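**Student:** What would the 3D arrangement of this be:
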Amino acid sequence: RRLTAQTRTAIVDQIRRRYPDTPATVLSPKVFGRKGFHKEVFARALKKGFKKARIDGKITPLKQGMALSRYHEHNIDLVIGRLSDGNLEALADRALEEGAGSLVILDRRGKEDVFSLHGICSTCGIGLESLDPRLFSFNSKQGACEQCSGLGTIGEPGDEENTAVKICRQCGGSRLKSQALAVKVNQYAIWDLVQKPARQVYEIIKKLKFNAHDKPVAEPIVAELLTRLSLL
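**Tutor:** This is a model prediction of the structure:
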């Protein structure tokens, strides 16, 4: 489905309908799959009065001088408050501000929904966080299919016919997460293109059309792609 921009008021209304009497926590995404100590993230959060954050999936109290393992990738979401705290409008405003236009609602069962000013499914009302280049790489845990770990196949080679190896049903052999496969440009997903010969991809990209809003961003990328494809 196509994602459309949504206002803060519309997001608040969606949350009210989806979580009428459900205990849930409001989070703001700050770091997604980035290595580093992230000392500055915690220092700024404490300075602004935040007490907790979800760090790599676990709600953790914030402390002065806090730092993470430098060489591991981390996810950090600030805990803004709980829906039961009352003023949903104020919670949403602060969460969207801290999360650069996105917020996460986490219920007590661990289920979470993303709401975003940048893109909302008009049917279910669920949003999508800002796209990251790593989402489109099966060499990154942000992009690799969780079922096959980015291999595209399930199982180990058995006999000479490799009968024990099967195409991963979840990604269809693409090696990528469903989120990456759902992103399309002129109806083409990344997997639609990488399966084709370079000359055919060149012709497809050459014919792509963009509206006035997207052109300033798309045209330099298209020019670069055409240059590289012409060398293959």
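**Student:** Contacts for the host helix or strand of V222 next, please.
**Tutor:** Assigning secondary structure by DSSP states H and E places V222 in helix 215-230. Applying C-beta atoms under 8 Å, 6 or more residues apart in numbering, the contact partners of helix 215-230 are 198-199, 201-202, 205-206, 208, 210. Bear in mind the C-beta positions are built from the backbone N, C-alpha and C, glycine included.
**Student:** buried ones in it?
**Tutor:** By neighbour count on 16 or more other C-beta atoms under 10 Å, the buried set for helix 215-230 is 218, 222, 225, 229.
**Student:** Before we move on, what's the pLDDT of the second one?
**Tutor:** V222 carries a pLDDT score of 95 in this model.
**Student:** same check, this time on the last one
**Tutor:** Confidence per residue is given as pLDDT, and for L229 that number is 94.
**Student:** R18 too?
**Tutor:** pLDDT at R18 comes out at 88.
**Student:** That one: how many residues sit nearby?
**Tutor:** 16 (other C-beta atoms under 10 Å).
**Student:** Isn't it up against E112?
**Tutor:** No: counting by C-beta atoms under 8 Å, R18 does not reach E112; the two are 11.6 Å apart.
**Student:** Need the residues touching each of those two.
**Tutor:** With contacts taken as C-beta under 8 Å, 6+ apart, R18 and E112 have I105 as neighbours in common.
**Student:** picking up where we left off before, nearest to L27 among the contacts of helix 215-230?
**Tutor:** The nearest member of those to L27, counting by C-beta to C-beta, is F210 at 33.6 Å.
**Student:** Relative to the whole chain's centre, how far out is the helix holding V222?
**Tutor:** 24 Å (C-alpha atoms, centre = their mean, to the nearest Å).
**Student:** going forward can the numbers begin at 575, since that is how I track them
**Tutor:** Sounds good: first residue 575 from here, last item helix 789-804.
**Student:** okay if I get the contacts of helix 789-804 as JSON lines plus secondary structure, pLDDT and distance to K632?
**Tutor:** Listed next are the contacts of helix 789-804 as JSON lines, based on DSSP: H, G, I helix; E, B strand; the rest coil; pLDDT from 0 to 100; distance: C-beta to C-beta, whole Å:
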{"residue": "A772", "secondary structure": "helix", "pLDDT": "95", "distance to K632": "45"}
{"residue": "R773", "secondary structure": "helix", "pLDDT": "94", "distance to K632": "49"}
{"residue": "V775", "secondary structure": "helix", "pLDDT": "96", "distance to K632": "42"}
{"residue": "Y776", "secondary structure": "helix", "pLDDT": "96", "distance to K632": "47"}
{"residue": "I779", "secondary structure": "helix", "pLDDT": "95", "distance to K632": "43"}
{"residue": "K780", "secondary structure": "helix", "pLDDT": "94", "distance to K632": "48"}
{"residue": "L782", "secondary structure": "coil", "pLDDT": "93", "distance to K632": "43"}
{"residue": "F784", "secondary structure": "coil", "pLDDT": "91", "distance to K632": "42"}
